[in-house]
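J.: Sharing a model that was predicted from the sequence below.
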Amino acid sequence: MRDMEKLRLQKKALSQCAKVQTVIEELRDRRSLLQQILKEKEQLIEELNNGLRRVLTAISLNCHTTDIVEQEFVYLLPKTDIAGIDSDESKGYNNVVSNILGRIVGKGGAHIHSIEAQFGVNIDINPISSSNNGECVDSNVIRLRILIMGNRARPSIEESYAAIVNKIESVRDTAIEQV
């Protein structure tokens with residue numbers, strides 16, 4: 001009799017466990033679906049942001065959006081070259097990168113805005129993290145993605161990139177002098 005009661009309780013617990021398991025699987029499926037929808041929405045937002053940047057660049061350069069070209073450059077900056085910025089070893093990689101970007105962009109974006117005004121381009125500088133590309137990233141190198149939009153009729157993209165590289169190298173030289 002006791003064995004029968006134990007078996008009935010185990011059977012009841014097993015059926016409850018199976019119900020909970022199906023609910024968990026449904027929640028996992030729903031979460032996967034929502035993650036996929038979120039990814040699609042983020043891609044759409046990124047496309048819209050790029051289109052908006054293109055339109056704003058065209059307006060600022062007083063030309064048509066079809067006249068806007070964009071070029072992407074990757075600049076590799078060894079962390080050892082900027083040792084003065086990473087004086088504290090407890091600082092993380094992201095802190096060093098944000099400190100470097102802050103010095104390159106300037107207070108309130110002054111450096112970048114002056115280059116944009118001088119060459120008639122729109123500049124966006126972002127670090128490339130290891131999650132953006134599948135390869136293993138050396139933590140001793142800072143990869144900067146430099147996106148420059150300009151008017152097709154004015155060949156100033158290369159000149160503005162050279163100005164940005166000069167700014168990056170002057171920031172690096174200043175950091176070396178501080179050490």
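T.: Ah, there it is. Since we're looking at a predicted model, the values are computed, not measured.
J.: from the middle of its chain, how far away would stretch 113-127 be?
T.: Centre-to-centre, stretch 113-127 and its host chain are 18 Å apart (Cα atoms, centre = their mean, to the nearest Å).
J.: now it: mean pLDDT?
T.: When pLDDT is averaged along stretch 113-127, the result is 86.
J.: neighbouring contacts of that stretch?
T.: 53, 56-57, 60-61, 97, 101, 104-106, 112, 142-151, 154, 156-157, 159-160, 163-164, 167 (Cβ atoms under 8 Å, 6 or more residues apart in numbering). For glycine as for every other residue, the C-beta is placed from the backbone atoms N, C-alpha and C.
J.: Now the buried members of these.
T.: 53, 57, 61, 97, 101, 104-105, 112, 142-144, 146, 148-151, 156-157, 159-160, 163-164, 167 (16 or more other Cβ atoms under 10 Å).
J.: one step back: restricted to helices, list the contacts of stretch 113-127.
T.: The helices, defined by DSSP state H, take in 53, 56-57, 60-61, 97, 101, 104-105, 112, 157, 159-160, 163-164, 167 from the contacts of stretch 113-127.
J.: Give me the lowest-pLDDT entry from the residues you listed.
T.: Val97 (78).
J.: Tell me the spacing between that one and Pro127.
T.: 5 Å (Cβ to Cβ, to the nearest Å).
J.: now swap in Met149 and tell me
T.: 19 Å.
J.: quick one, domains of the chain?
T.: 1-62, 66-178 (automatic domain parsing).
J.: Deepest-packed of these, please.
T.: Across the domains of the chain, averaging neighbours per residue (mean count of other Cβ atoms under 10 Å) puts domain 66-178 on top, at a mean of 15.
J.: And the strands in the chain, which stretches?
T.: Assigned strands in the chain, in chain order: 68-78, 121-127, 141-151 (criterion: DSSP state E).
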